[in-house]
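> Below are the sequence and a predicted model for it; my questions follow.
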Amino acid sequence: ATFPYHISHHPSHLHTSQKSSNPTMKTDHADVTPKCSSRVHGFLLNNLLVILIVLGVIVGVAVGVLVRQTDPSQDVIIWIGLMGEVYMHMLKMMILPLIICSVISGTASLDPRCNGRVSIVSLTFIIASNCLCCVLPMVIALTVKPGEGMNLHTETVEKAPTSVMDTADIFADLIRNLFPDNIVTACFLQAQTVYKLKEVVVLYNETSDNDSNNTRVQLYNQTFVTRLKGLGTVTSTNVLGLVLCCMIFGMASSSLGTTGKPFLLFFNSANEIIMKILRWFVWTTPFGVCSLIAAAFLQTADLHSAVKSLGMFSLTVLISLAIHQFIILPAVYFLLVRENPYTFLLTLGRPWLVTFAAASSAVAIPETLTTLEDRNKIDKRVTRFVVPFATTINRDGSCIFVTVSCVFIAQLVGADLHAGRIVLMW
């Protein structure tokens, strides 16, 4: 009697349990699917610009390689790169107003003591970073030896004596540009030492007695060339001088209290307006990147020979840059902040891609400010001062490139790189 009872109730029990469990399973599956899709959707939305820029790079390389096979004319290359030129012009147009407004508003929002600390810390880090970027590539270049085993084809090139600047004059020009005599002209002119050649003709005579009655006089002239120094200008924005002037204006307006408020409100409003325009304009980056990269591929005369002859040199530079960017700087970040540095680096994809495409760190200032302030929530008072200041004087990549170039050329000509020369290059 009990056996049929269990038989009769067992299926129903199973059926009931299945009914009660199936909705739960469906509900869990239904919950997981929207969560996954929402995460993917959110990731795509948050990184849409980066994805589009990467696609722009890929399309630019593909267009450059394919069009190169057709042996395009110079007009075709110009038209392919025209969109990139317009993109660069628009970015460069916004850089100077952005630097001026950002530095004034950022400096004014900090108290004088904090301004001094931020300036000293920034300058100390920049100097230490540049010095390190001279040591690291030198060690790698001496290890890899990119210049050894290459055939050297020498050509005699006459260089004008006026084109070579003295080291002392370079430092003097740096100090001059720190204190411009005209803020308006500093927006498009820089002070620079110029050299002029001056010929000095020296006349002299020699007298000789042939005999007691005749005296012979010969006239000679000798020309000496001397190089005279003078102060001139070159067409280039004096960013360093403008940053210093804007810092002074910002601190002065902050110290005036209510009197300086209208001045600060103007630059704060102008800064927000410029940032808004740049947030609109940054969506044209994929098209500009595509055009610039395609034109760069087409303008290279012999791509294969360039890669073959400078392959080891380029590899040495890239290794140095990679170690500095992905090992040394993250280590410094971890020691100072005690957070995962690579999580922070992942947020900098947009500025990196813009810098890579434009071959200019100044062009990436708008995108860098947007990324640091919006995505990383860094205080605007710090970013508005440090980013333009560091972009102006920090030259990590240039230090690496120049150091590797010196070692490469020395190895190429067979020079003996003893300790004295290595220290001199550093």
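Good, I have the coordinates.
> Just the element for residue 313, please.
Using DSSP states H and E, residue 313 falls within helix 311-323.
> Using CSV, write out every CA atom in the next helix or strand after that helix.
Under the assignment DSSP H and E, the closest C-terminal helix or strand after helix 311-323 is helix 329-337. The C-alpha trace of helix 329-337 is given here as CSV (Å, rounded to 0.1, in the frame of the first residue of the first chain):
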residue,chain,number,x,y,z
LEU,A,329,57.1,55.6,-13.5
PRO,A,330,54.6,53.0,-12.2
ALA,A,331,57.1,52.1,-9.4
VAL,A,332,57.4,55.8,-8.4
TYR,A,333,53.6,56.1,-8.5
PHE,A,334,53.2,53.1,-6.3
LEU,A,335,55.8,54.3,-3.8
LEU,A,336,54.1,57.7,-3.5
VAL,A,337,50.4,56.9,-3.8
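> Packing partners of helix 329-337?
On a contact count with 3 or more CB pairs under 8 Å, 6 or more residues apart in numbering; DSSP states H and E, helix 329-337 meets helix 341-346. Glycine gets a C-beta too; all of them are placed from N, C-alpha and C.
> Can I get the helix it packs on in CSV, CA atoms only?
The C-alpha trace of helix 341-346 is given here as CSV (Å, rounded to 0.1, in the frame of the first residue of the first chain):
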residue,chain,number,x,y,z
PRO,A,341,49.6,52.3,-11.1
TYR,A,342,48.5,50.3,-14.0
THR,A,343,44.8,51.0,-13.2
PHE,A,344,45.7,54.6,-13.5
LEU,A,345,47.7,54.1,-16.7
LEU,A,346,44.7,52.4,-18.4
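> Beyond it, next helix or strand please.
As assigned by DSSP H and E, the chain's next helix or strand after helix 341-346 is helix 349-358.
> Could you list every helix and strand in contact with that next one?
By 3+ CB pairs under 8 Å, 6+ apart, helix 349-358 packs against helix 48-68, helix 285-299, helix 365-370.
> rerun that using 10 Å as the cut-off
Applying 3 or more CB pairs under 10 Å, 6 or more residues apart in numbering; DSSP states H and E, one finds that helix 349-358 contacts helix 48-68, helix 74-108, helix 285-299, helix 365-370.
> Of the ones you listed, which shows the lowest average pLDDT?
Per-stretch mean pLDDT for the helices and strands packed on helix 349-358 is lowest at helix 365-370 (a mean of 82).
> Need the contact partners of it.
When contacts are defined by CB atoms under 10 Å, 6 or more residues apart in numbering, helix 365-370 is touched by residues 49, 91, 94-95, 98-99, 102, 271, 274-275, 277-279, 281-282, 285, 348-355, 361, 378, 380, 383-384, 387-388, 390-392.
> Next one, pLDDT for residue 316 please.
For residue 316, pLDDT reads 90.
> who's in contact with it?
Residues in contact with residue 316 (CB under 10 Å, 6+ apart) are 137, 140-147, 310, 400, 403-405, 407-408.
> Restricted to helices, list those.
If you go by DSSP state H, the contacts of residue 316 have 137, 140-144, 400, 403-405, 407-408 in helices.
> Distance to residue 165 and mean neighbour count added to the helices and strands packed on helix 349-358, as JSON lines?
As requested, these are exported to JSON lines (distance: least, CB to CB, whole Å; neighbours: other CB atoms under 10 Å):
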{"stretch": "helix 48-68", "distance to residue 165": "36", "mean neighbour count": "17"}
{"stretch": "helix 74-108", "distance to residue 165": "26", "mean neighbour count": "19"}
{"stretch": "helix 285-299", "distance to residue 165": "29", "mean neighbour count": "22"}
{"stretch": "helix 365-370", "distance to residue 165": "28", "mean neighbour count": "22"}
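> Of all these, which one comes closest to residue 191?
helix 74-108 (17.7 Å; CB to CB).
> just to revisit the earlier point, just the buried ones out of the contacts of helix 365-370, please.
49, 91, 94-95, 98-99, 102, 271, 274-275, 278, 281-282, 285, 348-355, 361, 380, 383-384, 387-388, 390-392 (16 or more other CB atoms under 10 Å).
> What about residue 130, how many residues nearby?
Residue 130: 16 surrounding residues under other CB atoms under 10 Å.
> Leaving out the residues flanking it, which one is nearest to it?
Leaving aside its chain neighbours, residue 130 sits nearest to residue 399 (5.2 Å; criterion: CB to CB, 6 or more residues apart in numbering).
> For the residue nearest the centre of the chain, give me its contacts.
For the chain, residue 361 is the residue whose C-alpha lies nearest the centre (CA atoms, centre = their mean; 2.6 Å). Neighbouring residues of residue 361 by CB under 10 Å, 6+ apart: 351, 354-355, 368, 390-392, 394-398.
> Tabulate those (a markdown table), appending distance to residue 166.
Output for the contacts of residue 361, formatted as a markdown table (distance: CB to CB, whole Å):
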| residue | distance to residue 166 |
| --- | --- |
| 351 | 36 |
| 354 | 36 |
| 355 | 32 |
| 368 | 35 |
| 390 | 28 |
| 391 | 27 |
| 392 | 23 |
| 394 | 24 |
| 395 | 20 |
| 396 | 25 |
| 397 | 25 |
| 398 | 20 |
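> coming back round to it: looking at the contacts of residue 316, spot the one nearest residue 67.
Nearest member of the contacts of residue 316 to residue 67, counting by CB to CB, is residue 310, at 23.3 Å.
> my read: the closest one touches residue 317, true?
Yes. In terms of CB atoms under 10 Å, residue 310 counts as a neighbour of residue 317; the distance is 9.4 Å.
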